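> got a sequence here, can you model it:
(4 chains)
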2 protein chains.
Amino acid sequence: MAVLGALSVVPMTGYALREQIRDTLGHFWSESFGQIYPTLAELERQELVERQSPEDSRSTPYSITEAGLARLRDLLSEPPQTPKPRSGLMLRLFFGAQLEPGAGRRLVADARSQAEGQLAEMASARAELSKDSRLAPNAAYILLTISAGEHAARATIAWADEALAELARLETATP
Amino acid sequence: MAVLGALSVVPMTGYALREQIRDTLGHFWSESFGQIYPTLAELERQELVERQSPEDSRSTPYSITEAGLARLRDLLSEPPQTPKPRSGLMLRLFFGAQLEPGAGRRLVADARSQAEGQLAEMASARAELSKDSRLAPNAAYILLTISAGEHAARATIAWADEALAELARLETATP
DNA sequence: CGCTACATGTAAGGTGTTACATGATTCC
DNA sequence: GGAATCATGTAACACCTTACATGTAGCG
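Residues are numbered from 1 along each chain as shown, chains lettered A, B, ... in the order given. The predicted structure follows:
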């Protein structure tokens, strides 16, 4: 879905595809080369994507076919399945009583500064979006995903501030 | 880490372990039987967990050893690695221009009601926590993870409301 | 000329889920 | 006696990442 979606915006090589996925979908999606190349080969076999000159396979961008667009629409309308959650931070905090003093605060403080970083990334994503005219038809929807990232990051920061205050209280109460 | 952590609270069978992980760590962690049993066998081999009577292996709870507690503390102080994000919802929304009208709103509305559900779960987790005396030593830390879940859920709801308004605006603007 | 970026691909290995198989115990 | 729950385990498979191998093109 990610590959077809990206190619529906503009034709690209596999290499560029990975960069676009990393830079543009980065805050909610990721793919590695080991995924992308076999996927492209399979999509080409199914004639959902194609290359202009099949003879020279180097540096020739893949583009999506009509069948590919139809498949993309099918995939997009499947209900999203939420992956099983796996938060190492929460797991560590849950058993925080086992941690040495200060370790809990460090965990939360790190999470907070990561969220600050994400907030900055979202801001620059907004700036990028207005510059890249190829994304214009999708801009309204892309803004929704950026806004979601911002809401999530701000929620993390607000939680972290509360948690840090609580942890400070805990550790001074039982010295 | 999850298995050792759970056994550090109270000895359990593998079956109970899975229930506890599902019910208590559920909103930020998950394990399947296919993970738990091989993990327990390996931990027993390393003498990080043990059973009271090795002869009768049925229904005998595993308990954590001293070495297991030490290992748990080591694991807990390792920096948490954030998994590569994979949000099917955001991916679909990003390419939302390809979706038929109304599909976008349905996606967001579903996410919103899921978040409402999570909020309710967090409320009942709070109630459970005050009842279960075995969790008392960890209660303060557990409350932090519950609070994180609530912040995240409320952020999702706030975002969804904004997104729904924006999507309604979009779809009436270009009929 | 050597470094960096572009570009493609594969193989090995780790991780995790699902489904199946098996049997004991408990409860109605 | 039969159904549900407790309990343990395994095998197949899907998925994904990392590391490696290979080569081209452009640039200072």
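
> just for chain A, where's the confidence low?
Along chain A, the model assigns pLDDT under 70 to residues A:54-58, A:174-175.

> next, the most centrally placed residue in it: phi, psi?
Nearest to the geometric centre of chain A sits residue A:28, at 2.1 Å (Cα atoms, centre = their mean). Backbone torsions of residue A:28, given as degrees, to the nearest 10, read phi -140, psi 0.

> could you chop chain A up by domain?
A:2-77, A:88-173 (automatic domain parsing).

> which parts of chain A sit against DNA strand D?
Applying Cβ under 7 Å from any atom of the strand, we find that chain A lies next to DNA strand D at A:30-35, A:58. The way it works is simple: take the backbone N, C-alpha and C, and place the C-beta from them, glycine included.

> out of those, who has the most neighbours?
Most neighbours among the residues of chain A next to DNA strand D, by other Cβ atoms under 10 Å in any protein chain shown: residue A:31, with 18 neighbours.

> leaving out the residues flanking it, which one is nearest to residue A:1?
residue A:75 (4.4 Å; Cβ to Cβ, 6 or more residues apart in numbering or on different chains).

> what's the burial count for the one you found?
Neighbour count for residue A:75, taken as other Cβ under 10 Å: 17.

> got it, and the one 3 residues further on?
Burial measure for residue A:78: 10 neighbouring residues, criterion other Cβ under 10 Å.

> need the contact list for it.
For residue A:78, the contact set (Cβ atoms under 8 Å, 6 or more residues apart in numbering or on different chains) is empty.

> now it: how far from residue B:92?
Using Cβ to Cβ, to the nearest Å, residue A:78 is found at 8 Å from residue B:92.

> just say helix, strand or coil for the residue in chain A that DNA strand D sits nearest to.
Residue nearest to DNA strand D within chain A (Cβ to the nearest atom of the strand): residue A:34, separated by 2.5 Å. Secondary structure, DSSP: H, G, I helix; E, B strand; the rest coil: residue A:34 is helix.

> repeat for residue A:63
Here residue A:63 takes the strand state, with states given by three-state DSSP.

> show me what contacts it?
Listed by Cβ under 8 Å, 6+ apart, the contact set of residue A:63 reads A:7, A:11, A:49-52.

> out of these, which comes closest to chain B?
residue A:7 (10.8 Å; Cβ to the nearest Cβ).

> that closest one contacts residue A:68, doesn't it?
Yes - contact criterion Cβ atoms under 8 Å: residue A:7 and residue A:68 qualify, at 7.1 Å.

> can you give me the helices in chain A?
Counting by DSSP state H, chain A has helices at residues A:2-9, A:14-24, A:33-45, A:66-77, A:88-94, A:103-131, A:139-173.

> let's have these in JSON lines, adding distance to residue B:85.
Shown next, in JSON lines, are the helices of chain A (distance: least, Cβ to Cβ, whole Å):
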{"stretch": "helix A:2-9", "distance to residue B:85": "12"}
{"stretch": "helix A:14-24", "distance to residue B:85": "11"}
{"stretch": "helix A:33-45", "distance to residue B:85": "15"}
{"stretch": "helix A:66-77", "distance to residue B:85": "18"}
{"stretch": "helix A:88-94", "distance to residue B:85": "14"}
{"stretch": "helix A:103-131", "distance to residue B:85": "10"}
{"stretch": "helix A:139-173", "distance to residue B:85": "10"}
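
> re earlier: shared neighbours of residue A:7 and residue A:68, which are they?
With Cβ under 8 Å, 6+ apart as the test, residue A:7 and residue A:68 both reach residue A:49.

> which residues of chain A lie near DNA strand C?
For chain A, the residues in contact with DNA strand C (Cβ under 7 Å from any atom of the strand) are A:13-16, A:19, A:33-34, A:37-38, A:40-41, A:57-60, A:84, A:86.

> same thing but at 6 Å, please
Neighbours of DNA strand C within chain A, by Cβ under 6 Å from any atom of the strand: A:13-16, A:33-34, A:37-38, A:40-41, A:57-59, A:84.

> buried among the residues you listed? Need that as a selection in PyMOL.
Buried members of these, defined by 16 or more other Cβ atoms under 10 Å in any protein chain shown, are picked up in PyMOL with:
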select buried, chain A and resi 40
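
> could the residues of chain A next to DNA strand C go into CSV alongside distance to residue B:135?
As requested, these are exported to CSV (distance: Cβ to Cβ, whole Å):
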residue, distance to residue B:135
A:13, 53
A:14, 50
A:15, 50
A:16, 51
A:33, 45
A:34, 42
A:37, 48
A:38, 46
A:40, 50
A:41, 51
A:57, 59
A:58, 60
A:59, 59
A:84, 23
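
> nearest to chain B, of the residues of chain A next to DNA strand C?
Among these, and counting by Cβ to the nearest Cβ, the member closest to chain B is residue A:84, at 4.1 Å.
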